[in-house]
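In: Provided below for reference: sequence and predicted model.
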Protein chains: 2
Amino acid sequence: MNSKIGIGGQHLLLDLKACDAALLDDCKMVQSLLEQVAQQVGATIVKSVIHQFEPQGVSGVVVIQESHLSIHTWPECGFASFDFYSCADDIDLNQSISLLCSAFSGKVHRAEIIDRRLAVGQTLETL
Amino acid sequence: MNSKIGIGGQHLLLDLKACDAALLDDCKMVQSLLEQVAQQVGATIVKSVIHQFEPQGVSGVVVIQESHLSIHTWPECGFASFDFYSCADDIDLNQSISLLCSAFSGKVHRAEIIDRRLAVGQTLETL
């Protein structure tokens, strides 16, 4: 890990609505999109998994050097829950919001970035 | 998916401190633990991935029928970030907190459950 990787990280929780149902149910497209998002924000992909549910819906996770991205989709109502946990300070999580909205032709229902980083100087002894 | 699975879900963000460093760096143990947690709360495992970092640290994700569990560990300071996203109302996320604390001999640094479920009756039209 590089020097910009800390202890804990920032966690984006993003729920999208009004997305294209066919895209939300296309597991190859969803996996490719997760990997593209990871690459475009500068993350390093370690492992990528995808699962197609029946009759519909996709779950995908990409483990990155800097933590993970995940998505769960509900094509039947145009809804998707995405999260991106990153322990690298040089990754801009906001960039992934526009990438996902654009790819799914969707809108933001809810977006929140939760700071789970330990403060500088916090150690095992001070926790 | 069964009738207790809704649109969106509840998301537990759990940060643990003062954990056993050797356990946090044992990727087989961490993967087994994630799978045990999933099974003990009644989730159905779909896929499980684990990655060992050098010189230390583990990232693991278990995709479940009901969404996912993930963990990232920092053995060097006894710290771990866990999250559990579940779209099944009959899964008790709080149960996983005690299971993880016990397994890692750790303490809760931060725990929060964020409700990302759509309200009953919310549909594509009302979003």
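Out: Perfect, thanks for sending it. Residues are numbered from 1 along each chain as shown, chains lettered A, B, ... in the order given.
In: which stretches of chain A have low pLDDT?
Out: Under the criterion of pLDDT under 70, the regions of chain A flagged as low confidence span A:1-4, A:120-127.
In: mind running it again at 50?
Out: With pLDDT under 50 as the threshold, chain A has low-confidence stretches at A:1-3.
In: In it, which helix is the longest?
Out: Scanning chain A for the helix with the most residues, using DSSP state H, yields helix A:27-40.
In: So which bits of chain A are right by chain B?
Out: Counting by C-beta under 8 Å from any C-beta of the partner chain, the residues of chain A close to chain B are A:1, A:7-9, A:11, A:13, A:15, A:17-18, A:46-47, A:49, A:51, A:53, A:57, A:59, A:61, A:63, A:65, A:67-68, A:70, A:72, A:74, A:77-79, A:81, A:83, A:85, A:87, A:109-110, A:112, A:114, A:116, A:118, A:123-124, A:127. (Each C-beta comes from the backbone N, C-alpha and C, glycine too.)
In: my guess is A:Gly60 contacts A:Val30, does it?
Out: Yes: look at A:Gly60 against A:Val30 with C-beta atoms under 8 Å: they come within range, at 5.2 Å.
In: Buried ones among the residues of chain A next to chain B?
Out: Buried subset of the residues of chain A next to chain B (neighbour count, 16 or more other C-beta atoms under 10 Å in any protein chain shown): A:1, A:7-9, A:11, A:13, A:15, A:17-18, A:46, A:49, A:51, A:53, A:57, A:59, A:61, A:63, A:65, A:67-68, A:70, A:72, A:74, A:77-79, A:81, A:83, A:85, A:87, A:109, A:114, A:116, A:118, A:127.
In: among those, which are in strands?
Out: Applying DSSP state E to those, the entries found in strands are A:7-9, A:11, A:13, A:15, A:17, A:46, A:49, A:51, A:59, A:61, A:63, A:67-68, A:70, A:72, A:74, A:79, A:81, A:83, A:85, A:87, A:109, A:114.
In: quick one: contacts for A:Val46?
Out: Under the criterion of C-beta atoms under 8 Å, 6 or more residues apart in numbering or on different chains, the neighbours of A:Val46 are A:63-65, B:51, B:59.
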